[in-house]
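*Asks:* The following comprises the amino acid sequence and a computationally predicted model.
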Amino acid sequence: MAPALLAGDYVVTSARSPALGDIIAFGYGDKVLIKRLVGLPHDLVDLGADGIWQLEADELFAISDNRAQPTIDCRRFGPIKSEHVIGRLAFRYWPLLRAGRVASSVPD
């Protein structure tokens, strides 16, 4: 999720409903993934060469910010169910020099 998050960052999640552009944590099998939310329920998500997804009422679509690197995200396994969302990332508390609010805008 570079540059928004780096390996070793510790974050706090919020129970507030995520909005488009938020970084979310969600369960995927026995893992917790952290990705940027790019599709909400009922959205049509057009990923160009990666395909088009029509989301259902209980589905979200999230992808990695660092798309140049191989990653596991919704482009690989499809939409996620809303019930699998743990929360939106609200605050980074470690490392202290980078502590603060987690960006909710999509990087250029």
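*Replies:* Cool, the structure landed.
*Asks:* Off-centre distance for the helix or strand bottoming out on mean pLDDT in the chain?
*Replies:* The least trusted helix or strand in the chain, going by mean pLDDT, DSSP states H and E, turns out to be strand 100-101, with a mean of 78. With C-alpha atoms, centre = their mean, to the nearest Å as the basis, strand 100-101 stands 17 Å off its chain's centre.
*Asks:* Give the pairing partners of it; include direction for each.
*Replies:* strand 85-94 (antiparallel) (DSSP bridges).
*Asks:* Just the buried positions in the partner strand, please.
*Replies:* In terms of neighbour count (16 or more other C-beta atoms under 10 Å), strand 85-94 has its buried residues at 85, 87-90, 92. C-betas here are computed from N, CA, C, even on glycine.
*Asks:* and of these, the nearest to residue 57?
*Replies:* Taking C-beta to C-beta as the measure, residue 57 sits nearest to residue 85 out of the buried residues of strand 85-94, at 14.4 Å.
*Asks:* Quick check: the closest one vs residue 99, distance?
*Replies:* 24 Å (C-beta to C-beta, to the nearest Å).
*Asks:* Thought residue 39 was touching residue 47, still the case?
*Replies:* No. At 9.4 Å, residue 47 does not count as touching residue 39 under the criterion of C-beta atoms under 8 Å.
*Asks:* More neighbours: which of these two?
*Replies:* residue 39 (22 against 15; other C-beta atoms under 10 Å).
*Asks:* Which strand residues bridge the more buried one?
*Replies:* Going by DSSP bridges, residue 39 forms beta bridges with residue 61.
*Asks:* can you check residue 46 too?
*Replies:* As for beta bridges, residue 46 partners with residue 52 under DSSP bridges.
*Asks:* was I right about residue 58 contacting residue 82?
*Replies:* Yes. The pair residue 58 / residue 82 is scored as a contact, 4.9 Å apart, by C-beta under 8 Å.
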